[in-house]
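Student: Next one to model:
(2 chains)
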Amino acid sequence: MKLSNAFFNSGEWLKGDGPHNQIVISSRVRLARNLKNHAFPGWAKKTERLQILEEIKPDVEALPEMQDAFSELLQDLSALEKQVLVERHLISREHAAKSIGSAVVMNRKQTLSIMINEEDHLRMQAIRSGLQLKNVFKMIDKVDSALEAKLDFAFHPKLGYLTACPSNVGTGMRASAMVHLPALVLSEQINQIVQAVNKIGLAVRGLYGEGTEAMGNLFQVSNQITLGEREDEMIGRLNKVIEQVIEHEQNARKMLLSKRPATLLDQIGRGYGILTHAYSMTSKEALNLLSFMKLGIDLELFPVECQSAIDELFMETQPAHLQKGSQQKLAAEERDSLRAEIIRDKLKSFPKPDITKVEEGGRASREEKNDE
Amino acid sequence: MVCDVCKTNQATVFLTQIVDGKMQKVNLCEACSKEKGVTDPTGFALADLLLGLGAAQEIEKSGNLQKCPACGFSQADFKKTGRLGCALCYDTFSEGLNSLLKAMHKGTAHVGKMPARLIESMQLETEMKNLQKELEKAIEEEDYESAAELRDQIKNLEKKSEAKP
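Tutor: From the prediction side, this is the model:
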């Protein structure tokens, strides 16, 4: 099965129907594993990397989960195709930079993706929509157990699974959830949240992981530690923290609705106005404005049927997704006008924000004040 | 003073953090400090930076062994990449790595999942040790009947473990 078909069927996790889907976009768990008798990919020479690939790939493709999978060598993918996979979080940016000796195998639903010879011999990840870290871990744990029966993984009795980078040693697990926190950003509480989360050994990062900017009010919360804590404990802890973050975001939304309805309406109204009338738009601007449209839907300012259009635009306005339909590579300016066109088109039949609900909320809170 | 990360620009941000009673210092330029997210010292873990910097210094302390016997990886290579060469490097550079892992993680001992076959062989090993003890005891007590039985059991277990890869 050729990869190109995958580009036009969006992955299951993008449908956004998981639990807590208003605030949690997706849950992801990845495991890092290495073969015992080979140098790590970054240190192995090309011939050894090819040997490793030959050892691992057939076993990965033979997994029951990988029936009808997309399996591609990295050198056979164009730069654009790689970028599409990065935007879908199916391969890492590091993996996209790889060529001969590396491969990616993923299932049709795009919920499982296995990178061969990334930083480690195996990077296996499962991703689902909404908050369901436990399920996602179960999925990838099953894959790991099946592969472990066939491949001899590097395991140290004291240090656990050995990885190229000491920061992953032990469980080799990174569990993360992508959360949408517009109200915490608007009410300027986000830094406090980030600091609090950091203090308990969890990391908060931007849209595409380490060192990337937080665009569209999207953040990734993940574990930092991999040694000294069991997988299920770590996932339970992360889950609890994310539930708390959800609660804070919901409270911030309520607070904005009742205390600062004008600020909220202004953001959503501007988002709507610019998105429906702009003729040139960068992906950053698009993400930031779409974020407020998504918030508008959550707050019932737009009918709920509009949700899927906005969710699709989040992905379709990313640089590589934008270009996948066009024959040649587009310059930045061309991309920006194409992006604006796609957005205008999709939002053509979008109704204006229905502000009655917010006004009611504002009035109620003013009356409350008067009562006091 | 130049920046520890890019090694080109003038360092203007000087960070000191004490982890487990050990002082760690990092000097950064404006651009690298932003890139590493060093905006707020409480939210910033030096452990992240240690990968490329302190880690190499830690490993240098492990001294004698210059290169990993399995893959030829050296301390200088770790300094450059922040990644190790192969599984055996963890033993080769264990001394320096230990304090690094301590600063980075919640402990230095893995408590999570183990490969199933390893669990099996470990169980086999403990079972074998127990039988061995019983055998010694039986011999001591001159209970040769039980000793013979135990010896057969041990032989069976040995066969079983040899059959496994």
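
Student: who does whatever helix or strand A:Val241 lives in touch, helix- and strand-wise?
Tutor: Assigning secondary structure by DSSP states H and E places A:Val241 in helix A:231-259. Under the contact criterion of 3 or more CB pairs under 8 Å, 6 or more residues apart in numbering or on different chains; DSSP states H and E, helix A:231-259 touches strand A:24-33, helix A:133-148, strand A:173-180, helix A:182-186, helix A:190-199, strand A:218-223, helix A:261-277, helix A:356-371. Placement of C-beta: from N, CA and C, glycine included.

Student: Low-confidence bits of chain A, can you list those?
Tutor: Within chain A, the segments meeting pLDDT under 70 span A:1-10, A:16, A:208-213, A:327, A:359-372.

Student: which parts of the helix holding A:Val241 are buried?
Tutor: A:231, A:234-235, A:237-239, A:241-242, A:245-246, A:248-249, A:252-253, A:255-259 (16 or more other CB atoms under 10 Å in any protein chain shown).

Student: Save the helices and strands packed on helix A:231-259 as JSON lines, and put in distance to chain B and mean neighbour count too.
Tutor: Shown next, in JSON lines, are those (distance: least, CB to the nearest CB, whole Å; neighbours: other CB atoms under 10 Å in any protein chain shown):
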{"stretch": "strand A:24-33", "distance to chain B": "9", "mean neighbour count": "26"}
{"stretch": "helix A:133-148", "distance to chain B": "5", "mean neighbour count": "19"}
{"stretch": "strand A:173-180", "distance to chain B": "8", "mean neighbour count": "24"}
{"stretch": "helix A:182-186", "distance to chain B": "15", "mean neighbour count": "24"}
{"stretch": "helix A:190-199", "distance to chain B": "4", "mean neighbour count": "17"}
{"stretch": "strand A:218-223", "distance to chain B": "10", "mean neighbour count": "22"}
{"stretch": "helix A:261-277", "distance to chain B": "24", "mean neighbour count": "18"}
{"stretch": "helix A:356-371", "distance to chain B": "33", "mean neighbour count": "13"}
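
Student: Of all the ones you listed, which one is nearest B:Ser161?
Tutor: helix A:133-148 (18.4 Å; CB to CB).

Student: Sheet partners, orientation included, of the helix or strand following the closest one?
Tutor: On the C-terminal side of helix A:133-148, the closest following helix or strand by DSSP H and E is strand A:155-156. Partners of strand A:155-156 in the sheet, by DSSP bridges, are strand A:160-161 (antiparallel).

Student: Need the contact partners of the strand it pairs with.
Tutor: The contact list for strand A:160-161 (CB atoms under 8 Å, 6 or more residues apart in numbering or on different chains) reads A:31-34, A:153-155, A:169-172, A:227, B:110, B:112-114.

Student: any idea which helix or strand of chain B has the worst average confidence?
Tutor: helix B:46-50 (a mean of 49; mean pLDDT, DSSP states H and E).

Student: Across the sheet, point out what pairs with whichever residue of the stretch 51-200 of chain A sits closest to chain B.
Tutor: Closest contact between the stretch 51-200 of chain A and chain B, by CB to the nearest CB, is at A:Gly160 (2.8 Å). For A:Gly160, the beta-bridge partners are A:His156 (DSSP bridges).

Student: Look up how far A:Gly160 lies from A:Leu227.
Tutor: Here A:Leu227 is placed at a distance of 7 Å from A:Gly160 (CB to CB, to the nearest Å).
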